[in-house]
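[1] structure for this input, please:
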Amino acid sequence: QVQLVESGGGMVQAGGSLRLSCVASGNIFIINDMGWYRQAPGKQREFVATISTGGGTNYADSVKGRFAISRDNAKNMVYLQMNNLKPEDTAAYYCNAVGLTAEYTGMRAWGQGTQVTVSS
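    Below is the predicted model:
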């Protein structure tokens, strides 16, 4: 079993900042990609950002220039620094990890989500 636990969500006014954290634990051999997704009420879950083991990043167009993803491979952690937040960023944010378990089987895990609410 692989567990992901997010933290750092909360309420903030438009223009403010938040930093999300996620730690992975359990039966892990290696984590290749880690990322963040979000889901607003009544909408499908959408991609926000991903980062590879080597530090390569990808961002959704809606967050480019405002959000920054980073990771600490030694700690199996991924972070999302969110600046200049907008009301449309309001959503539950989910951490995601893709890799291999200790048994060398494929692994794709999700966290339980952390709520981000941005008021205008």
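[2] how much space separates Leu18 from Asn83?
    When distance is defined by C-beta to C-beta, to the nearest Å, Leu18 is 9 Å away from Asn83. Any C-beta I mention is one placed from the backbone N, CA and C, and that applies to glycine too.
[3] quick one: which of those two has more around it?
    Shown here are Leu18 and Asn83; by other C-beta atoms under 10 Å, Leu18 has more neighbours (21 against 14).
[4] wait, that one touches Gly8, no?
    Yes. Using C-beta atoms under 8 Å as the test, Leu18 is close enough to Gly8 to be in contact (6.2 Å).
[5] now the closest residue to Asn76 other than its chain neighbours: which helix or strand?
    In space, and not counting its chain neighbours, Asn76 is closest to Ala24: 4.2 Å by C-beta to C-beta, 6 or more residues apart in numbering. Ala24 belongs to strand 18-26 when elements are defined using DSSP states H and E.
[6] do the same with Val5
    Short version, using DSSP H and E: Val5 is in strand 2-7.
[7] so that strand versus strand 18-26, what angle?
    If you take axes from the mean of the first three to the mean of the last three C-alpha atoms, to 10 degrees, strand 2-7 sits at 160 degrees to strand 18-26.
[8] what residues sit buried inside strand 2-7?
    Of all the residues in strand 2-7, those buried under the rule 16 or more other C-beta atoms under 10 Å are Val2, Leu4, Glu6.
[9] all strands of this protein, in order?
    Ranges of strands in the chain, per DSSP state E, are 2-7, 10-13, 18-26, 28-39, 46-51, 57-59, 67-72, 77-82, 91-101, 106-110, 114-119.
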